[in-house]
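A.B. asks: this one's sequence-less:
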């Protein structure tokens, strides 16, 4: 039977931080929904972004709405990642992190991170399409070497966990 | 599992209990029970050596291979 490792301050902090980020994620989702649904007035958007009426402006507003819709889709992905991270932190706290469930969680996290990176590329492409010298759209989206590295590392870590779990199971059955 | 552990038969033949064997080979009773009931996934050579020494037997006396039904069907193809 595995025994819990010596208490560390990192785990309670990680647990609390993840719970906070989960809450902030839902709040961010709610804010996007409010922006998209409760404020459909184009004039409000134009004044908020200091835009003047033109065909480019219509395209820009459409693009911003499309990005907001993608943003709503990103919220459940964030939640899927955070919920699994929280469960993993719990398993570390209980002293038994090398279980098949954690390998599966990491695999799901890696897939979610992959989708997030792809969506980031889509957002960057939309922004680039509608960006003009008069109305430059500068979003923090697009290709990120660290983001793709995180995807790769998470897939790798999932395999390491799966293999580690299998080896531990073998070791436990060895006499 | 296609490998059958015949520890029960060996102990019976030698009029020895599992607890006595555990004492002689320096293993826990729980681990020996896992081996006896066929729940072990692997056995160390050092364990095999200790048991063979304690029971004065060969590894082949302790283990037997019995092909499972599916394996035997595949083997005949």
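C.D. replies: Okay, I see it. Fair warning: this is a prediction, and the values are worked out from it, not measured in the lab.
A.B. asks: Without its sequence neighbours, what residue ends up closest to residue 35?
C.D. replies: Reading this off chain A. Excluding its sequence neighbours, the residue lying closest to residue A:35 (C-beta to C-beta, 6 or more residues apart in numbering or on different chains) is residue A:68, at 6.1 Å. In this view, the C-beta of every residue, glycine as well, is placed from N, C-alpha and C.
A.B. asks: The chain in question should be chain B.
C.D. replies: Per C-beta to C-beta, 6+ apart, closest to residue B:35 is residue A:175, 4.8 Å.
A.B. asks: What confidence value was assigned to the one you found?
C.D. replies: Looking at residue A:175, its pLDDT reads 90.
A.B. asks: List the residues that contact it.
C.D. replies: Contact partners of residue A:175, counting by C-beta atoms under 8 Å, 6 or more residues apart in numbering or on different chains, are B:27, B:31, B:32, B:34, B:35, B:40, B:42, B:43, B:44, B:47.
A.B. asks: Counting neighbours, what do you get for the closest residue to chain A within chain B?
C.D. replies: Per C-beta to the nearest C-beta, residue B:41 is where chain B lies closest to chain A, at 3.0 Å. Using other C-beta atoms under 10 Å in any protein chain shown, residue B:41 is surrounded by 13 other residues.
A.B. asks: Show me which residues of chain B sit near chain A.
C.D. replies: B:27, B:31, B:32, B:34, B:35, B:39, B:40, B:41, B:42, B:43, B:44, B:47 (C-beta under 8 Å from any C-beta of the partner chain).
A.B. asks: Give the buried residues for the helix or strand bottoming out on mean pLDDT in chain A.
C.D. replies: Taking mean pLDDT, DSSP states H and E as the measure, helix A:42-48 is the helix or strand of chain A with the lowest mean score, a mean of 73. By neighbour count with 16 or more other C-beta atoms under 10 Å in any protein chain shown, helix A:42-48 contains the buried residues A:45, A:46.
A.B. asks: Could you list every helix and strand that it packs against?
C.D. replies: Helix A:42-48 is packed against helix A:55-93, with contacts defined by 3 or more C-beta pairs under 8 Å, 6 or more residues apart in numbering or on different chains; DSSP states H and E.
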